[in-house]
Every structure is written in C-alpha cells, then in structure tokens.
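> fold the following for me, if possible:
(chains A and B)
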Protein chains: 2
Amino acid sequence: MVGGSVPVFDEIILSTALMNQVISFDEVSGILVCQAGCVLEKLSQFVQERNFIMPLDLGAKGSCHIGGNVATNAGGLRFLRYGSLRGTVLGLEVVLADGTILNCLTSLRKDNTGYDLKQLFIGSEGTLGIITAVSILCPPQPKAVNVAFLGCPGFAEVLQTFTTCKGMLGEILSAFEFMDAECMQLVGQHLHLASPVQDSPFYILVETSGSNAGHDAEKLGSFLEQALSSGLVTDGTMATDHRKVQALWALRERITEALSHDGYVYKYDISLPVERFYDLVIDLRARLGLQAKHVVGYGHLGDGNLHLNVTAEAFSEALLGALEPYVYVWTAEQRGSVSAEHGLGFKKRDVLGYSKPPKAVQLMRQLKTLLDPKGILNPYKTLPAQA
Amino acid sequence: MVGGSVPVFDEIILSTALMNQVISFDEVSGILVCQAGCVLEKLSQFVQERNFIMPLDLGAKGSCHIGGNVATNAGGLRFLRYGSLRGTVLGLEVVLADGTILNCLTSLRKDNTGYDLKQLFIGSEGTLGIITAVSILCPPQPKAVNVAFLGCPGFAEVLQTFTTCKGMLGEILSAFEFMDAECMQLVGQHLHLASPVQDSPFYILVETSGSNAGHDAEKLGSFLEQALSSGLVTDGTMATDHRKVQALWALRERITEALSHDGYVYKYDISLPVERFYDLVIDLRARLGLQAKHVVGYGHLGDGNLHLNVTAEAFSEALLGALEPYVYVWTAEQRGSVSAEHGLGFKKRDVLGYSKPPKAVQLMRQLKTLLDPKGILNPYKTLPAQA
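Numbering: from 1, shown residues only, chains lettered A, B, ... in the order given. Reported below is the predicted structural model:
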C-alpha cells in the first residue's frame, strides 16, 4: 500500500521465506514461537488444529509473513477484539545493523526487566533491525461466529448503533465494520454482489465470536431487535452458517477489488475520532465535485480507522493536488493519524509531520542513527527525506 | 516493592500530585485523557459513572497515580482480560531530560506513523523521561461479575483446570489466580479468614466479567460441574453477590498482609512457563529446610506470574545467600523473567542480566545515554550499576 517493502533505488533484497519453521507451541498458554518467514495462513491452520487462533487476520494472509506483519504492526480484522500486536507479541529475535543478534525471544506474558526493546522493532518497517523470529500469544478458538449485516439511516445512527452494540454484545463483539452507500453500489456494479438488506445510506457488519453458540445467538438477536425497534437500524439480516457468514463478509472485504475496477484509485488510511469519522468524506465530495467518479468511506469503525478512497477515470495531477495535502491537513486538525495501519513506507514518509510533532521526528531520527548508523536497513523508508 | 520511586542518595523529588485533572473522555470510544497525577481509584470512579472501567486495577489503587502505573508498566488484577498497558495506553505526554515536551498524547486506537515512541517510556521507571499526561482505552463496564473458589488436589490439576476454564468460559474469564495450602494456612492463622472449601493442596479463584448475568452464571455453573465431576477440583463455591465476591477475593488479596505478620519476608515476582510454575516452590522448600518458616507460592497463574515468598523469624544473610542468586539462576534456566510486574528499581537492577542478554543490556544503556545524557532522570535505578 505504501511501498514499505518495495526496493526503489540501490537496495539489496533479503528474503526470509525459507525461515518458515514453528519453533514451539504451548497448548496451555497458547504461546507460539516461530521463524519470521512463516506465512500467516499456515500459522493460522497450525494453531487452529490445536484449538487456538492467531490474534490477527488480514486479507493478505495467504502470502504475508509473520515477520512482516510484526515489522509493519499490521492491524486487520481482529484488532477490535484482540488488540494491537504491541500487546500480543511477547518476544522477538532481531538481527541488528552490525550483524549481531538481539535475542528477546521470550515467551512470557509479563516481563518488566529493563526497557521493552522489542517495541522498537514492531512497526518500524525493517528500518531499525531485521526480525528473524517471533513469539506471539494466540487466543483460544471461538466456538461460534455470528454475523449481522445492517442498514442504517444516517451516520449519527451508525455511532449510536456502535454504542448499543458494545453494551449488549460486550465481550463477544469481534468486528464492527462500516461501508457507505457508494461502496455497496460499487460492489454491486463491478462484482455483482447484491445487498442482503434494503438500500440505505450506511451499512454495518457486526461480528461476534464466543464460546457458547446459544448464548451468542441470543445476545445478537436481542441487539438486533433493539436496534430495529429503536429505529437505529432500518433493516438487518443475521448469519450463523459459515457460508452465509462468508458471503456477508465478502461485501465488506471486496470493496478494494470493486474500487480497482472503477478506475484510478487514490487511497487514504486514516484514524479519526469516531464523531468526525465521516465528515471528511462528505467534505471531499463537495470539494471534488465532478473531478472524482466516487468518493467512498468504509473501514474499521470500531477501531476509529477510516479507509477513504477516491476514484477517477485516470490519474491526474489536478485531482491529486485537490486531495493532498488537504486530506492530511484536515486529519491533522482533528489530531488524527495520516496512517492508521498501513505505515509510511516510501510513499507516505513525507507526511509524518502531519501526525507527529518535530520533537518526535527528531527523536525517531536519533533512534535510527543509534541502531543503523550507516543507514543500510530499508533505506528511503519511514522517516522523511532530509532537506 | 523494588524501590523504583524511592530516593537513595542525592536525588531531587518531583511530585505530579497537583496534576490531577481529567482532560477529556470520549463516551463512544471509551478513550480517557488525563494528567499523570490522577489517582487510579478516582479515575475508576470517573469512568464507572460513564459505564466504563479502567483497564487496570491493583491493590494500591487508592494512592497510586496513573503516571506511575504507566512508568512501571503495572500489571495487576485485570491483565488476563484486558492485557498489557502496552496495548491499552494510546498516547503519552512526556517531559524529556533537556526540558522539552514530547507530545505523543494522541487518542487513537491505531497510528502507524513512524516509531511508537511512547513505548520507550512505558515501564522505564522514569529513567528516560517524565510522564505528564496519559491517553488510555477504557473497556465497557461488565454488567455481571461472578467468582468461583475451588480446591484442587494437585498442581497438574490446577493446570488442567486452567485449560478447561479457558475453553468453557472463554471471553468472560477475567481472572485465574492460585494460592497453595501454606498461603491458606497463613491467612487463617494471622487474619482469621476461613477457607470456604475443604482443605486442599491448592486453591483457585476464577472470576468472570460479562455483559449478561444469566449467560455468565450458566457458563460458570457448567464449568464448575465439569471440573467437579471430572475430579480436577475436589470442592468449590460460587458467588454472584458483591459481598461474597469481595470475601472470596480477600483470601487471595490479603496473602501479602498475612505474610507480613509471619516475620521477615523475602519476596520474588517471577514469570515462568506455567508447566514449571510450581516446581521452584517445591525445590526451594527442600533446599531451605528449617531455615525458612514458610515457602509459599501464589499469584496470577493465568498470566504465568508467580509470587514466591519466603518467611523467617528475622532477616539473615545465610538465608539470603541460599535464595540468591539461586532463584534467579533457576528462573533464567527456564527462560523466565526475574521481574514479571514489579520492575527493577533500585533493589533488583543488578539482576537484569538473568533475564536479558548482554547485547540487550548494552542497547538499553545506549537508549539511556541518548535520552538522558547527563543521567539526571531517576538515577541509580533500572539499569545495573556500572563496574
């Protein structure tokens, strides 16, 4: 998305694909220790056979490596429930720029001995060291997964539905995703997926994961009844069957694919306070007018993470100029993040200053100099180009 | 516990007690932003009035400041359910050694713009900067809290009960604490608390927190029935009433107090793989023989965190010599942590090497030099004294 792993000039490419072994798995604690080149989906299968799941899941699971997931602090679809990799990653083995191995590969839930060095490498996109092994905490596999798909009359109702949902579903809520009417129109037009509910300005996908199918269905049913009878939601459907669950998820997960059929796509991945979450989309539609084919908003509402995408027939400098730095300035004014989960990589490194103050950028440079004095680790990435 | 906040030689003491204001609270997301001197219990009351809870809770809640909780990466009683402060703390404002303010006080669940600098200050015990404000994610208040107190015939059964418990209680499990028979004997002898179940080699306290009282009681009841009928547990009692819940928790929470009435106490707070969790206690009893009055094991089993305490009539160098470095070497051989949640402070800074390799200690010293070149921030703490 941001070219964090793409060589741009004179880099040497390093592959960890052959470092694909599970080192250990503890069936009491659920702690997995493995090499960095393990593919996420293979790890998922491995732990599922032992009644656990990986604490993260993403569309790219079939090809992405766990080392890369950690290096980019990947978010994804299980973030709302299982939290950040900063909490679930328990240890790392890292090769430093001078070739020495930093072994912090402990498999303990708690360790307060000195500074937590592994955090330096989580999310630093390979610019401070090369992750070679990972220790990670896997949650028990939920016995039941249910999905509800809802139509909502306005964005205020989307937010109220979220609050109601957190109260009534509590600990079993595992995803709260939203998409707007234009997203639904695009998945219909380009992928021939039909909406399972009547046309609405907004759609919500709620997922529950729990340990008791009966209890979970009862909670989700009561929530749905409450949301419908109070008018927060105008239409809704519920799925417990795996195939129907997958079909409902496809509406949300395949938006990116539908957008790619619509023309050139300008992509933004931002964090905003949920109250202002959708204002930027409305604002941009007015600002861009007929310059854009579509301005759409969707994403992980439960995490405050908006995917804002704009399509046009072809790339145009004029449209880019209307979008940037406007989107970044707007986000900065709300104290949002200009990169919620995708990182900065090569393409976005120069926008760091919109989300972090100069003192923070200075300290980041000092850390880079400390850990990689010759600048040999993933150069040209993450930190802004120097004047 | 480790003298992390105690001045030892020529320090200037800095108090944040007057920095006790809540800055903001978002009732949709549950994100609290407050000054560092807010007392944890006051914050708990504040967010509970809004149907949220703090993601951490500890015995010292009536006096401890949130800034100190973050600076020491406090664990406590809600860790099993809500995880580490490394995941729940979303932003920090920190004053650096040169007096500049590092403002990373964002209130976003996701932010992948550059390195996550706030992690440097979480758990660094004030040695890299002074935390002045905190942004933290509060979970919704559970509608029901239930506790079961169980007697277990052996440590293997304690571990099997934990696995059964995770499977049957899943997402509502909020604490899994254990104590041995000597702990129960001491709370009986010194505090006159009676065991609610028949005498057993081990006792377990299981707490659930959930959004539906009926569902939760049903899950806990089924678990208890299964644990009793399979012989994993020989006796058990359950509480849903607040007063009885408190009474059961008191048996576990007041062990420290009971120990203090028993004589001089040698305290260790270690993380171990759960399978080897209790072997150290058995091993030490054999090693110390009549030198010790009591050798007891209790703690946060669900987090792999053992509190190992040894009592004697008075302090003796000979007993200390029998304990140290033996306990640290034993822990290091299991790749455990010699300080799970208490930190290193002044008393334990020289044992860092038992849990971290030389390269890691070297990098910690480099970070200290980078952020505090004159060594003015909480000197003599965390990092080992230099030769």
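
> can you list the domains in chain A?
A:1-141+A:353-387, A:144-255, A:263-342 (automatic domain parsing).

> mean neighbour count, mean pLDDT and distance to chain B added to these, as a markdown table?
Yep, even glycine has a C-beta here, placed from its N, CA and C like the rest. Formatted as a markdown table, those follow (neighbours: other C-beta atoms under 10 Å in any protein chain shown; pLDDT from 0 to 100; distance: least, C-beta to the nearest C-beta, whole Å):
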| stretch | mean neighbour count | mean pLDDT | distance to chain B |
| --- | --- | --- | --- |
| domain A:1-141+A:353-387 | 19 | 94 | 3 |
| domain A:144-255 | 19 | 95 | 3 |
| domain A:263-342 | 19 | 95 | 4 |
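
> bridging residues for the closest residue to A:Cys152 other than its chain neighbours?
In this structure, A:Cys152 finds its nearest non-sequential neighbour in A:Phe202, 4.2 Å apart by C-beta to C-beta, 6 or more residues apart in numbering or on different chains. Assessed by DSSP bridges, A:Phe202 has beta-bridge partners A:Cys152, A:Asp180.

> list the residues that contact A:Phe202.
If you count contacts by C-beta atoms under 8 Å, 6 or more residues apart in numbering or on different chains, A:Phe202 has them with A:Gly151, A:Cys152, A:Pro153, A:Gly154, A:Phe155, A:Glu157, A:Val158, A:Phe178, A:Met179, A:Asp180, A:Ala181.

> how about a cut-off of 6 Å?
Applying C-beta atoms under 6 Å, 6 or more residues apart in numbering or on different chains, we find A:Phe202 in contact with A:Cys152, A:Val158, A:Asp180.

> for A:Cys34, what is the enclosing helix or strand?
Assigned by DSSP states H and E, A:Cys34 belongs to strand A:31-35.

> end to end, how far does stretch A:346-357 reach?
This stretch, stretch A:346-357, spans 20 Å end to end (C-alpha to C-alpha, to the nearest Å).

> any idea how far the residue nearest to A:Cys152 lies from B:Tyr298?
51 Å (C-beta to C-beta, to the nearest Å).

> how about A:Asp235?
According to C-beta to C-beta, A:Asp235 and B:Tyr298 sit 53 Å apart.

> can you check A:Leu186 too?
A:Leu186 sits 58 Å away from B:Tyr298, taking C-beta to C-beta as the criterion.

> one more: A:Phe346?
From A:Phe346 to B:Tyr298 the distance is 52 Å (C-beta to C-beta).

> ok, what's across the strand from A:His307?
Per DSSP bridges, the residues bridged to A:His307 are A:Asp269, A:Tyr298.

> where do the helices sit along chain A?
A:40-48, A:66-71, A:79-82, A:85-88, A:118-121, A:155-169, A:181-191, A:213-229, A:242-253, A:255-260, A:279-288, A:317-323, A:326-333, A:358-371 (DSSP state H).

> can you list contacts of the third one?
The reference is to helix A:79-82. A:Pro55, A:Pro139, A:Ser174, A:Ala175, A:Gly302, A:Asp303.

> so which of those residues are in strands?
Judged by DSSP state E, strands contain the following of the contacts of helix A:79-82: A:Ser174, A:Ala175.

> take the contacts of helix A:79-82 and write them to CSV, including distance to A:Tyr278.
Formatted as CSV, the contacts of helix A:79-82 follow (distance: C-beta to C-beta, whole Å):
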residue, distance to A:Tyr278
A:Pro55, 29
A:Pro139, 31
A:Ser174, 23
A:Ala175, 18
A:Gly302, 14
A:Asp303, 15
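
> closest to B:Gly76 out of the contacts of helix A:79-82?
If you rank the contacts of helix A:79-82 by distance to B:Gly76 using C-beta to C-beta, A:Pro139 comes first, at 20.3 Å.

> what's A:Cys64 sitting at in phi/psi?
As for A:Cys64, its main-chain torsions (degrees, to the nearest 10) stand at phi -70, psi 150.

> residue contacts, the nearest residue to it once chain neighbours are set aside?
Spatial nearest neighbour of A:Cys64, chain neighbours left out: A:Leu40 (5.2 Å); criterion: C-beta to C-beta, 6+ apart. Applying C-beta under 6 Å, 6+ apart to A:Leu40 gives the contacts A:Lys61, A:Cys64, A:Ile66.

> cutoff 8 Å now
Per C-beta under 8 Å, 6+ apart, neighbours of A:Leu40: A:Met54, A:Leu56, A:Asp57, A:Leu58, A:Ala60, A:Lys61, A:Gly62, A:Cys64, A:His65, A:Ile66, A:Asn69.

> surely the last one is in contact with A:Leu56?
Yes. With contact taken as C-beta atoms under 8 Å, A:Asn69 and A:Leu56 are classed as touching, separated by 6.3 Å.

> which residues sit in contact with the closest residue to A:Gly4 other than its chain neighbours?
Nearest residue to A:Gly4, sequence neighbours excluded (C-beta to C-beta, 6+ apart): A:Gly345, at 3.1 Å. A:Gly345 makes contact with A:Met1, A:Val2, A:Gly3, A:Gly4, A:Ser5, A:Val6, A:Glu125, A:Lys381, A:Thr382 under the criterion C-beta under 8 Å, 6+ apart.

> just the ones of those residues in strands?
Using DSSP E, the subset of these located in strands is empty.

> looking at the residues you listed, which is nearest A:Ser339?
Closest approach to A:Ser339 among these (C-beta to C-beta): A:Val2, at 7.1 Å.

> measure the closest one to A:Gln334 for me?
Per C-beta to C-beta, A:Val2 is found 21 Å from A:Gln334.

> kindly report the same for A:His215.
Distance, A:His215 to A:Gln334, by C-beta to C-beta: 38 Å.

> hang on, isn't A:Glu11 packed against A:Ile376?
No. A:Glu11 is beyond contact range of A:Ile376, at 9.1 Å (criterion: C-beta under 8 Å).

> what sits against the closest residue to A:Tyr266 other than its chain neighbours?
Distances taken as C-beta to C-beta, 6+ apart place A:Val310 nearest to A:Tyr266, at 4.3 Å, with adjacent residues excluded. When contacts are counted by C-beta under 8 Å, 6+ apart, A:Val310 touches A:Val265, A:Tyr266, A:Leu284, A:Leu288, A:Ala292, A:His294, A:Val295, A:Val296, A:Leu319, A:Leu323.

> out of these, what pair is the most spread apart?
Largest separation among those by C-beta to C-beta: A:Val296 and A:Leu319, giving 14.9 Å.

> contacts only, for A:Gln185.
Counting by C-beta under 8 Å, 6+ apart, A:Gln185 has no contacts.

> let me redo that: A:Gly236
By C-beta under 8 Å, 6+ apart, the contact set of A:Gly236 is A:Ala148, A:Phe149, A:Leu150, A:Gly151, A:Val197, A:Leu224, A:Ala227, A:Leu228.
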